[in-house]
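Participant: Below are the sequence and a predicted model for it; my questions follow.
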Amino acid sequence: MLLKNENQIIRVLKSHGDKALVIDCIKRTMPKWVDGDSLSNYDDCGEDEMYERTDYPFGRELTPKEERIAQERFTMISGVLPFIGNEQKRSQMIDFLVEHQSKQTIRKYLCLYLVYQDIDALAPPPRTEKELSQDEKNMRWALNKFFYTKYKNSLNTAYTLMLKEKYCDQQGQLIEEYPTF
């Protein structure tokens, strides 16, 4: 069940008597038990609204590699899920899993799964490649041609050679606009 209140969205994971185990969907902090009465000033919230407010890429097609990574991450945290309501046992299970990942990483994956209740949320975010400017392309070219070679030129030398090759006119004079070191 999702509930919202001004700038907060929470998911109720469990309820026991007058207590409820909730997780903050915006901050993605570890779940905690709260009084059921404190939830009376919250309104119902839909999954779509939560996805929009948290920038979750709902409906994204995962590549086989991304699916495999998501399954591996879920397998890692699946041992903690039965103890989600018991803070002491949950901490013990996370400590047990530290052999393979850091506590922070395990907690991050656990909170991601609990917020979205979807294994796909554990997939790595989509990579966006930015378009390089002409200066950045020239610098990359110069690094490959002059720096990463058997001659082991210094960065300063590679920069100077780049200026000579890409930023000089026919007379060998440096043009007005060129990147700084």
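Facilitator: Noted; the coordinates are in hand.
Participant: what residues go with each domain of this protein?
Facilitator: Taking automatic domain parsing as the domain assignment, the record places the domains of the chain at 2-122, 129-181.
Participant: Give me the distance between the two termini of stretch 141-151.
Facilitator: Stretch 141-151 has its terminal residues 16 Å apart, counting by C-alpha to C-alpha, to the nearest Å.
Participant: same thing with stretch 164-181?
Facilitator: Using C-alpha to C-alpha, one end of stretch 164-181 lies 13 Å from the other.
Participant: Give me the buried stretch members for that stretch, please.
Facilitator: Neighbour-count burial for stretch 164-181, with 16 or more other C-beta atoms under 10 Å as criterion, is recorded at 166-167. For every residue, glycine as well, the C-beta is placed using N, CA and C.
Participant: that older thread, which of the domains of the chain comes out lowest on mean pLDDT?
Facilitator: Taking each of the domains of the chain in turn, the lowest mean pLDDT turns up on domain 2-122, with a mean of 87.
Participant: which of the domains of the chain is buried the deepest?
Facilitator: The highest mean neighbour count among those belongs to domain 2-122 (a mean of 15), with neighbours defined as mean count of other C-beta atoms under 10 Å.
Participant: Show the model's pLDDT score for the residue most central in space within the chain.
Facilitator: When C-alpha atoms, centre = their mean is applied to the chain, the residue found nearest the centroid is residue 125 (6.1 Å). Residue-level confidence at residue 125 comes out at 84, pLDDT.
Participant: Distance check, it against residue 170.
Facilitator: Taken as C-beta to C-beta, to the nearest Å, the spacing of residue 125 relative to residue 170 amounts to 47 Å.
Participant: How far away from the center of its chain is the longest strand along the chain?
Facilitator: The strand spanning the most residues in the chain, taking DSSP state E as the definition, is strand 8-16. In terms of C-alpha atoms, centre = their mean, to the nearest Å, the gap separating the centre of strand 8-16 from the centre of its chain is 23 Å.
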